[in-house]
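Asker: generate coordinates for the sequence data below:
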Amino acid sequence: MRQRHGLKPRRSRTNMHAILKLDNREDHRSRTGPSRKPLLPSCTFSHCIRTYTIYPSHAHSIHHPNHSLKHQVDNVTIFQNYVAQARAGNLLRVPLLLGNNNFEPGFFEFTGAISAAMAPGMELQAFTCPSAYMAAAYSAQAVPVWRYYYSGMFPNLLLPTVNLSQAYHISEVPIVFGTTEDASGKPNTPVEEALSVYMRRAWGAFARDPTFGLQTEMGWPVYKNTTESLVLLGQDNSTTAAFAFPSSIDGACW
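Answerer: All right, here's what the predicted structure looks like:
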C-alpha cells in the first residue's frame, strides 16, 4: 500500500461482515496470525463495532458462499421480538409510516434466493404480517400510524420474467424518489409519473408534519385495524390513494 503525503497507510475497517459473523472458526484465526484476538470475541454488537479493527487479510470472508451479514440480538440495540416490545409500550412515541408491496418475494424469486413455492409464506411472514402487527401495536399505544400497501407496476420497472411482474421488493423506491427513468433508462408512462408525484407529496407531507401532515395535506386516515384506513397505492395503476379495511390483505396473519 502506498503512502501519500507522508502519511502512514491506514488499516481497512470496511469489512463489517467479519464483525458480525456468528462463528469463531479456527481458519479465521489462522489467517490473522496466532498473536491476534479471535475475530468474534463474546461482545455486544455496539461493543464490537466500537472496539475491534478488521484487517485487509479478513477480506476473504465476505466472499465465502456460506457467509451472510446478520445482526446479533443483544436486547439493547437489537431485540428478539419488536412486536412484543411495541405491544408492551417499549417504543418511540413518534408517528409511524410503514407498509409493504403486494409481491415482495418476487425480487427474491427472480434472483433465485427462494423458490416459487416459498413466495406466499415469505410474503406473509416477512412483510405483510410484520407490517400488520407493528401498525396495530403502535395504534394500540395511541401513536399515530399510517400504513400503505403498494401495488403499482410499470413497463420500465418490470423484471425480465413475466409472471413476476408485480410490485416486488424495493420497486416502490424509485417511484417515491422520482428516479425510475434514471434507474431504468426508459421513459415513465403518464400514470407512473402522476403516481410518483402523488407519492412524493405524501412522503413530503409526512416529513414536514409527521403528526398531521398526511391527514391535512393528503386526506389519509390514521390507521386502525377496524376501519378503512389501509392506504392502497398504485392499485390498478391508480394515480391517487384508495382506502380499505386491513383485513383485506392481512386476514391470514391473525
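Asker: which other residues reach the longest helix belonging to the chain?
Answerer: For the chain, the helix that runs over the most residues, judged by DSSP state H, is helix 190-208. The contact list for helix 190-208 (CB atoms under 8 Å, 6 or more residues apart in numbering) reads 95, 97, 146, 152, 154, 156, 172, 175-178, 180, 188, 213-214, 216-218, 220, 233-234, 237-241. The C-beta positions use only the backbone N, C-alpha and C, and glycine is treated the same way.
Asker: can I have the buried ones of those residues as a ChimeraX selection?
Answerer: The command below creates a ChimeraX selection of those among the contacts of helix 190-208 that count as buried (16 or more other CB atoms under 10 Å):
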select :95,97,146,152,154,172,175,180,188,213,214,218,220,233,234,238,239,241
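Asker: pull the contacting residues for the residue nearest the centre of the chain.
Answerer: Per CA atoms, centre = their mean, the C-alpha nearest to the average position across the chain is that of Ile170, at 8.1 Å. Residues near Ile170 by CB under 8 Å, 6+ apart: Phe107.
Asker: repeat the analysis, applying 10 Å as the threshold.
Answerer: By CB atoms under 10 Å, 6 or more residues apart in numbering, the contact set of Ile170 is 101, 104, 107, 157.
Asker: now it. Its backbone dihedrals?
Answerer: Dihedral pair for Ile170: phi 70, psi 0, per degrees, to the nearest 10.
Asker: what's the average pLDDT for the host helix or strand of Ala137?
Answerer: For Ala137, the element it lies in under DSSP states H and E is helix 129-140. In this model, helix 129-140 has a mean pLDDT of 95.
Asker: kindly report the same for stretch 178-193.
Answerer: On average, stretch 178-193 scores 94.
Asker: next SSE after the helix or strand containing Leu98?
Answerer: Applying DSSP H and E as the criterion places Leu98 in strand 96-101. With elements assigned by DSSP H and E, the helix or strand that comes after strand 96-101 is helix 105-111.
Asker: would you mark the buried spots in that next one?
Answerer: 105-110.
Asker: pull out the buried positions in the helix or strand immediately after it in the chain.
Answerer: With elements assigned by DSSP H and E, the helix or strand that comes after helix 105-111 is helix 119-122. Of all the residues in helix 119-122, those buried under the rule 16+ other CB under 10 Å are 119, 122.
Asker: could you do stretch 246-254 as well?
Answerer: 246, 249-250, 253.
Asker: ok, those residues vs Ala86, which is closest?
Answerer: Nearest to Ala86, judged by CB to CB, of these is Cys253 at 15.1 Å.
Asker: before we move on, back to that, can I get the contacts of Ile170 in TSV with pLDDT and distance to Asn90?
Answerer: What follows is the contacts of Ile170, written out as TSV (pLDDT from 0 to 100; distance: CB to CB, whole Å):
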residue	pLDDT	distance to Asn90
Asn101	97	28
Glu104	95	27
Phe107	92	32
Leu157	92	38
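Asker: of the residues you listed, which is the most crowded?
Answerer: Most neighbours among the contacts of Ile170, by other CB atoms under 10 Å: Asn101, with 26 neighbours.
Asker: now do the closest residue in space to that one that isn't next to it in sequence against Asn237, distance only.
Answerer: Nearest residue to Asn101 in three dimensions, chain neighbours excluded: Ala167, at 3.9 Å (CB to CB, 6 or more residues apart in numbering). Distance, Ala167 to Asn237, by CB to CB, to the nearest Å: 11 Å.
Asker: ok, now Phe127?
Answerer: According to CB to CB, Phe127 stands 21 Å off from Asn237.
Asker: check Ile170 too.
Answerer: From Ile170 to Asn237 the distance is 19 Å (CB to CB).
Asker: where does this protein have low pLDDT?
Answerer: 1-69, 162-164 (pLDDT under 70).
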